[in-house]
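Student: Give me coordinates for this.
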Amino acid sequence: MDAYQHIVTLTTSPQDCTQAVVVAFQKVDEKIKKGILAWVVKEADDFSRAEVQNELESLEKLMVISSPT
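Tutor: The predicted structure follows:
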């Protein structure tokens, strides 16, 4: 959000919104989106790995209980 605020402070009116400002805004927007997407993918991956591990541990316990001794 700080990056967006910085770009907004560069323009005092719509007439100041030059092509360079638009390009800068697009670059910042792209970096923020990439950062958010990377975080979401990492969180989903971590969650999925943990759930698979929990499921495998549950199955392992079930196999130990049901196996003849």
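Student: could you say what helices and strands the biggest helix by length in the chain packs with?
Tutor: Assignment by DSSP state H gives helix 19-66 as the longest helix of the chain. With contacts taken as 3 or more Cβ pairs under 8 Å, 6 or more residues apart in numbering; DSSP states H and E, helix 19-66 sits against helix 2-10. For glycine as for every other residue, the C-beta is placed from the backbone atoms N, C-alpha and C.
Student: Mean confidence (pLDDT) on the helix it packs on, please.
Tutor: Averaged across helix 2-10, pLDDT comes to 71.
Student: what do you get for stretch 16-23?
Tutor: Mean per-residue pLDDT for stretch 16-23: 81.
Student: Same check on stretch 48-62?
Tutor: Averaging pLDDT along stretch 48-62 gives 93.
Student: for it, which positions count as buried?
Tutor: Within stretch 48-62, no residue is scored as buried using 16 or more other Cβ atoms under 10 Å.
Student: what about Val28, neighbour count?
Tutor: 15 (other Cβ atoms under 10 Å).
Student: hang on, I meant Val41
Tutor: By the criterion of other Cβ under 10 Å, Val41 has 10 neighbours.
Student: and it, how far is that from Ser48?
Tutor: Between Val41 and Ser48 the computed distance is 10 Å (Cβ to Cβ, to the nearest Å).
Student: Distance check, Asp16 against Glu60.
Tutor: Remark: distance between Asp16 and Glu60 (Cβ to Cβ) = 64 Å.
Student: Just want the phi and psi numbers for Thr11.
Tutor: Per-residue torsions, Thr11: phi -120, psi 130 (degrees, to the nearest 10).
Student: That one contacts Ala24, doesn't it?
Tutor: No: the pair Thr11 / Ala24 is not scored as a contact, 10.4 Å apart, by Cβ atoms under 8 Å.
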